[in-house]
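K.L.:
Predicted model, plus sequence, below.
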Amino acid sequence: MTGERRPLYRLRKSDVLEVSFTFAPEFNQTVTVQPDGFIALKGLDELYAEGATLAEVRATIAAAYAATLHDPEITVVLKDFDKPYFIAGGEVTRPGKYELRGDTTVTEAVAIAGGLNGQAKHSQVVVFRRVTNELVETHVLNLKRMLNSRNVAEDIHLRPGDLVYVPQNTISKIRRYLPSPNLSMYWNPSQF
């Protein structure tokens, strides 16, 4: 059973597939989903594969080879794909792109990125989640309150492609406008 909680993987650009024919090994091939979403197969026109599941691609390939092969028995294996990831940005110690391995929450993602630095605004950590190509959903978390109360019930579970952004706190934003001591001046107690 594959519902919303465990959706089947859908092919993306740059995914690599190994296509094997049980009774016609001369047609075996490894193909890559091209930037336009198509795959190029031996002796056929290109087939559109982006967004399809492995079962759908297998059925499409079998139908395409039906004119050449009688009832082809095909195996399609996903060999390489863009691994699920999240991005941590802003005031974390090591901003960057991280693999999303298993169930990860926002607090765990911040820890994976090295934790918050001294300029982080703990009370407004933002999670950006792409809903469609045109629509992005945002969630604001108060990590400071959540961790101080030891109640992580509102900690969000990340999905592939989420961006965790930690903004800069107000003090560090205005610090550059405050007068700072001149390094050339120093206090010498022997002067007095």
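P.N.:
Happy to help now that I have it.
K.L.:
contacts and neighbour counts: CA atoms only from here.
P.N.:
Noted.
K.L.:
the bottom helix or strand of this protein by mean pLDDT?
P.N.:
helix 170-174 (a mean of 64; mean pLDDT, DSSP states H and E).
K.L.:
So residue 143 is in contact with residue 124, correct?
P.N.:
Yes: taking contact to mean C-alpha atoms under 8 Å, the distance of 7.4 Å between residue 143 and residue 124 places them in contact.
K.L.:
domain ranges for this structure?
P.N.:
Residue ranges for the domains of the chain, per automatic domain parsing: 16-80, 85-175.
K.L.:
tell me how far the ends of the first one are from each other?
P.N.:
Right, domain 16-80. Distance between the boundary residues of domain 16-80 (C-alpha to C-alpha, to the nearest Å) amounts to 5 Å.
K.L.:
among the domains of the chain, which is nearest residue 6?
P.N.:
With C-alpha to C-alpha as the criterion, residue 6 lies closest to domain 85-175 of those, at 11.9 Å.
K.L.:
avg pLDDT for the helix of greatest length in the chain?
P.N.:
Taking DSSP state H as the criterion, the chain has its longest helix at helix 54-65. Mean pLDDT, helix 54-65: 95.
K.L.:
neighbouring contacts of it?
P.N.:
With C-alpha atoms under 8 Å, 6 or more residues apart in numbering as the contact definition, helix 54-65 has outside contacts at 9-11, 44, 47, 49, 71-78.
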